[in-house]
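Undergrad: Attaching a predicted model along with its sequence, questions to come.
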Amino acid sequence: MVRFIARRLVQAFVSLLGVTLVVFLLSRATGDPASLLIPIDATDAERAAFRTELGLDDPLPVQYAHFLGDLAHGDLGDSIKLGAPTSELIANRLPNSFVLAACAMGFSMVVGVSIGVLAARRPGGWADRVSSLIALFGQSIPTFWVGLMAVLLFAVTWRIFPPSDFDEPLSLVLPALTLGWFTTATMARIAQSSMREALDSQYVVVARSKGLSERVVVVRHALRNSIVSILTMGAVQFVLLLNGAVVTEKIFNWPGVGSLMVDAAFARDFPLVQALVLVAAALVIGVNFLMDVAYAYLDPRIRVQ
């Protein structure tokens, strides 16, 4: 088990190192931030001094080495545009994104898993048809269209929820529904497939032959053995929601890391973009690492393989 965890740690470190290189190169492929951050009438000497101050006149390998050195000391750099530490900016925005992603995931788990379980119990029934419709529309309709329609119907036409107001608790409803729309379809399909497999297994047949009620068979036996795959997919989807709420946050003016990423990209704020992507990548790699360890602990065959 120790060797397995050590291998996974090395793989996670290599993956994160590869992310740092890709992000470093892509962030500098967008152009020179000096053209955006200093006045148009600045002299060539002022531009050169500005680039020297930011270290942009060094060769790319030297810049990358400095970047890795600062990262090794826990320094993610300072924002060029905002003039504040990137770690502080992310720490201020990350809780907002976490709340939004948690509400969206809660909606997806309750609705998606419920529909998936009902669909697995009665194939071809109304729940199965609803699950198919949710999967179809949830994975084919883009998020920005769902968000715009939600604002148009529930905020502008019917005036039920505020369109964009971070101060009210009800302001979470529309962005959470918009963000969780795609994940609801995914969770419904995962719950339906895992429950269908569990209901067709031998231990469920034995449980029914003992005269147990259908509710006990579904909840205590089938759902209990399917919850591992459901929670695993839920953990992956939660990280994706946390890192992928860019469109939703911009539509609803939500002060999260997604909108911060868009602003940093347009401003060509290299340190902030790098820090945001590294935090997002670290979350994904960390969750995958924990899932690998959990699987290896629960199933020794994975360690052998």
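TA: Sure, I can see it. None of the values given here were measured: they were computed from a predicted structure.
Undergrad: for the longest helix seen in the chain, what is the average pLDDT?
TA: With residue count as the measure and DSSP state H as the assignment, the chain has helix 86-121 as its longest helix. When pLDDT is averaged along helix 86-121, the result is 91.
Undergrad: Now do the buried residues in the helix or strand that it is followed by.
TA: Next helix or strand after helix 86-121 toward the C-terminus (DSSP states H and E): helix 126-140. Neighbour-count burial for helix 126-140, with 16 or more other Cβ atoms under 10 Å as criterion, is recorded at 127-128, 131-132, 134-135, 138. C-beta here means a position set from N, CA and C on the backbone, and glycine is covered the same way.
Undergrad: just stretch 137-153 next, same as before
TA: Of the residues in stretch 137-153, those buried (16+ other Cβ under 10 Å) are 138, 143, 146-147, 150-151.
Undergrad: Stretch 47-57 too?
TA: Along stretch 47-57, the positions that meet the burial threshold by neighbour count (16+ other Cβ under 10 Å) are 50-51, 54, 56.
Undergrad: Name the secondary structure element that contains the closest residue to Ile38 other than its chain neighbours.
TA: On the basis of Cβ to Cβ, 6 or more residues apart in numbering, the spatially nearest residue to Ile38 that is not a chain neighbour turns out to be Phe50, at 5.4 Å. In this structure, Phe50 sits in helix 44-54 according to DSSP H and E.
Undergrad: who touches the residue nearest the centre of the chain in this structure?
TA: Centre of the chain computed as the mean C-alpha position; nearest residue by Cα atoms, centre = their mean is Leu240, 2.0 Å away. With contacts defined as Cβ atoms under 8 Å, 6 or more residues apart in numbering, the neighbours of Leu240 are 183, 284.
Undergrad: could you say which helix or strand contains it?
TA: Using DSSP H and E, Leu240 maps to helix 224-243.
Undergrad: try Arg268
TA: Element membership for Arg268, per DSSP H and E: none, as it lies in no helix or strand.
Undergrad: go on, Met149?
TA: Once you assign secondary structure using DSSP H and E, Met149 falls within helix 143-150.
Undergrad: do the same with Thr178
TA: Counting by DSSP H and E, Thr178 is found in helix 173-199.
Undergrad: Identify the residue nearest Gly286 in space, chain neighbours excluded?
TA: Gly286's closest residue in space is Ala12 (Cβ to Cβ, 6+ apart), at 7.5 Å.
Undergrad: want to try JSON lines for the buried residues of stretch 47-57, with distance to Asp269 as columns?
TA: Compiled in JSON lines, the buried residues of stretch 47-57 are given as follows (distance: Cβ to Cβ, whole Å):
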{"residue": "Phe50", "distance to Asp269": "14"}
{"residue": "Arg51", "distance to Asp269": "15"}
{"residue": "Leu54", "distance to Asp269": "11"}
{"residue": "Leu56", "distance to Asp269": "13"}
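Undergrad: Confidence-wise, which of these comes last?
TA: Sorting the buried residues of stretch 47-57 by confidence puts Leu54 at the bottom, with a pLDDT of 72.
Undergrad: If we ignore the residues flanking it in sequence, what's nearest that residue?
TA: The shortest distance from Leu54 to any non-neighbouring residue, by Cβ to Cβ, 6+ apart, is to Ile80 (6.6 Å).
Undergrad: What's the local residue count around the one you found?
TA: Residues lying near Ile80 (other Cβ atoms under 10 Å) number 22.
Undergrad: ditto for Ser79
TA: When neighbours are counted by other Cβ under 10 Å, Ser79 registers 22.
Undergrad: right, and it touches Arg268 too?
TA: No. No contact is recorded between Ser79 and Arg268 when judged using Cβ atoms under 8 Å, the distance being 11.4 Å.
Undergrad: Can you list phi and psi of Pro39 for me?
TA: The phi and psi torsions at Pro39 (degrees, to the nearest 10) take the values phi -60, psi 150.
Undergrad: who's in contact with Leu276?
TA: With contact taken as Cβ under 8 Å, 6+ apart, Leu276 is in contact with 86, 90, 257, 260-261, 264.
Undergrad: Many thanks, I have nothing further to ask.
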